[in-house]
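Student: whatever this is, show me its structure:
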Amino acid sequence: MEQVLELDQNCDRSALIKTYDNTILYSDYVNAKVIELASQFTQRVVSVMYVSDHGESLGDSGVYLHGLPYGLAPAEQTHVPMWIWTNHHQTELRRCLAQYQESEASSHDNLFYTLIQLLGIRSTLTSPDLNMLEHCDVAS
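Tutor: Sure thing, here's the model as predicted:
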């Protein structure tokens, strides 16, 4: 017999926030385990990049979705958690990312261009404005 799950679209704000907080705690746990595993590869250059699929959207301004067009979406949806961990070039990477973050806000738009540099991929498809590592020597 198939079980049907009913979703309550009218949960209270505290339940919504608690659910969100629990997902963050679990994401932190998984991320820590990934870094723990990656740390074991001492003879190789290993990097881990995490980018959330969307920002925090807990009903701010009455908006609960996270699929609004970019121009209409509130900052809570477009500013996403992102981090990079590496066992190589850490000092240069930290310096470079800190320098970028002082001058620019990062988003999903940065992901492709930053990753291709981090992976050492040479491409004619570039966007210096969107590559958070454009002026850094951090290719693997």
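
Student: can you tell me the centre-most residue of the protein?
Tutor: The chain has Val51 as the residue nearest its centroid, 1.8 Å off, counting by Cα atoms, centre = their mean.

Student: for it, give me its contacts.
Tutor: Residues near Val51 by Cβ atoms under 8 Å, 6 or more residues apart in numbering: 80-82, 108, 111. C-beta coordinates here come from the backbone N, C-alpha and C atoms, glycine included.

Student: per-residue pLDDT of Gln3, please?
Tutor: The model reports Gln3 with a pLDDT of 60.

Student: ugh, wrong one, Asp28
Tutor: 94.

Student: give me the mean pLDDT for stretch 34-44.
Tutor: Stretch 34-44 comes out with an average pLDDT of 91.

Student: what of stretch 75-83?
Tutor: 77.

Student: in that stretch, what counts as buried?
Tutor: 76-80, 82 (16 or more other Cβ atoms under 10 Å).

Student: is the residue nearest to Trp83 when sequence neighbours are not counted in a helix, a strand, or coil?
Tutor: Excluding the flanking residues, the one nearest Trp83 by Cβ to Cβ, 6 or more residues apart in numbering is Tyr50, at 5.3 Å. Under DSSP: H, G, I helix; E, B strand; the rest coil, Tyr50 falls in the strand class.
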